[in-house]
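K.L.:
Sequence first, predicted coordinates after that:
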2 protein chains.
Amino acid sequence: MDAKDLLTIGEVAHRSGFPPSSLRYYEREGLLRTARTSGGQRRYERSVLRRLAFIRAARTIGVGLDEVREGLDQLPDGRTPTRADWTRLSRSWRGRLDEQIEALVALRDGLDSCIGCGCLSLQRCRLYNPGDRAAEGGTGAQLLPKLLRRTPAQGM
Amino acid sequence: MDAKDLLTIGEVAHRSGFPPSSLRYYEREGLLRTARTSGGQRRYERSVLRRLAFIRAARTIGVGLDEVREGLDQLPDGRTPTRADWTRLSRSWRGRLDEQIEALVALRDGLDSCIGCGCLSLQRCRLYNPGDRAAEGGTGAQLLPKLLRRTPAQGM
DNA sequence: GTGCAAGTTGAAGTCAGGTTGAGGTCAAGG
DNA sequence: CCTTGACCTCAACCTGACTTCAACTTGCAC
């Protein structure tokens, strides 16, 4: 924890797999805090790697940065987060993952029956017309949570 | 199939659940073709509803518009698509869905073990460090296919 | 004390998948 | 014929998560 343990942005980038631009971006967005040298360069504590690991996992399962920030904000500010702290955070995603899986399985099964029947009917097909809403409702119900839609993710 | 069977954009919007703006957008993007009245207004064949149902299902499972277009392009141009045509298209998504589910399940199981061990370690944790690449590789392997990342999707 | 890789900033650009708005036109009922 | 709601186009804007750029500064090795 001496000053000499601090990492440069390049080192953090290398060890975390996030490019420096993302690290700066996360800082701007309030997900990370950094110390600075007298000259203004960022110096990261080792613990940032854990935070970044958390962020990566969150992003991977589709948690948006806002929510990630909320999660991270719940970590104790002074002391080093304990195992229990991280566990609590992770557990909520377990539920999210379960939901996502459930939604996908339902969709797959719906697709199966569609293939079976060959219908693809607006009127009858479960997959294409989730809420049995045929030619009625306005906005069109979404079967899957928005989370599950894909993202560009052209970088990395 | 008389001229009188044609639908206005408003009717299609209502029946399909897509807002008119999306219908116009899909047309610009080459996913839909429309007839026009002498005055330039769109008139849709009834079959567009089926196409739109397909598009909705595709989008729901995270297929991008490019790929949807490719799929639709494989439909016979002259004749009405048969059951077999739609089935062939749908079947390829079945594979995609299976992949997505598999990836999520793997992720969930990884998360389970993380919660179990409370580690969340960059060095050891499967979830946070998928490729066992700890502090080595440059870009950082992605556990999930890009498809699975979420998208803003603020509209609808 | 100098060279230069690595760091800094703010502004702007990118991507998909649309939406919104202004300003104008169409079509159908009365 | 006239009104009115539905429709038209084109351009600009939106979100989220970043990346890229230009112009400049730091910090460390030699």
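P.N.:
Everything's here; your move.
K.L.:
Quick check: can you list the domain ranges of chain A?
P.N.:
Domain segmentation of chain A under automatic domain parsing yields A:1-81, A:96-141.
K.L.:
lowest-confidence stretch among these?
P.N.:
When the domains of chain A are ranked by mean pLDDT, domain A:96-141 comes last with a mean of 55.
K.L.:
the helices in chain A, which residues?
P.N.:
Secondary structure of chain A by DSSP state H: the helices cover A:9-16, A:20-28, A:48-60, A:65-73, A:83-117.
K.L.:
would TSV of these with mean neighbour count and distance to DNA strand D be doable?
P.N.:
In this view, the C-beta of every residue, glycine as well, is placed from N, C-alpha and C. Below are the helices of chain A laid out as TSV (neighbours: other CB atoms under 10 Å in any protein chain shown; distance: least, CB to the nearest atom of the strand, whole Å):
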stretch	mean neighbour count	distance to DNA strand D
helix A:9-16	18	10
helix A:20-28	16	3
helix A:48-60	22	5
helix A:65-73	15	3
helix A:83-117	17	14
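K.L.:
With distance to chain B as added columns, please give the ones you listed in JSON lines.
P.N.:
What follows is the helices of chain A, written out as JSON lines (distance: least, CB to the nearest CB, whole Å):
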{"stretch": "helix A:9-16", "distance to chain B": "5"}
{"stretch": "helix A:20-28", "distance to chain B": "10"}
{"stretch": "helix A:48-60", "distance to chain B": "4"}
{"stretch": "helix A:65-73", "distance to chain B": "10"}
{"stretch": "helix A:83-117", "distance to chain B": "4"}
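K.L.:
B:Ile101 is nearest to which of those helices?
P.N.:
helix A:83-117 (4.9 Å; CB to CB).
K.L.:
Pipe the helices of chain A into a markdown table and attach distance to A:Arg42 per row.
P.N.:
Formatted as a markdown table, the entries for those read as follows, by distance: least, CB to CB, whole Å:
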| stretch | distance to A:Arg42 |
| --- | --- |
| helix A:9-16 | 5 |
| helix A:20-28 | 8 |
| helix A:48-60 | 10 |
| helix A:65-73 | 18 |
| helix A:83-117 | 24 |
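K.L.:
Go through those helices and name the closest to DNA strand C.
P.N.:
When the helices of chain A are compared by CB to the nearest atom of the strand, helix A:9-16 sits nearest DNA strand C, at 2.5 Å.
K.L.:
Provide the angle between the direction of that closest one and the direction of helix A:48-60.
P.N.:
Between helix A:9-16 and helix A:48-60, the angle comes out at 60 degrees (axes from the mean of the first three to the mean of the last three CA atoms, to 10 degrees).
K.L.:
Can you name every helix or strand that helix A:9-16 contacts?
P.N.:
Helix A:9-16 is packed against helix A:20-28, helix A:48-60, with contacts defined by 3 or more CB pairs under 8 Å, 6 or more residues apart in numbering or on different chains; DSSP states H and E.
K.L.:
between it and helix A:20-28, how many degrees?
P.N.:
Orientation check (the same axes, to 10 degrees): helix A:9-16 against helix A:20-28 gives 100 degrees.
K.L.:
what about helix A:9-16 and DNA strand C, any contact?
P.N.:
Yes: contact between helix A:9-16 and DNA strand C, assessed by CB under 7 Å from any atom of the strand, occurs at A:9-11, A:13.
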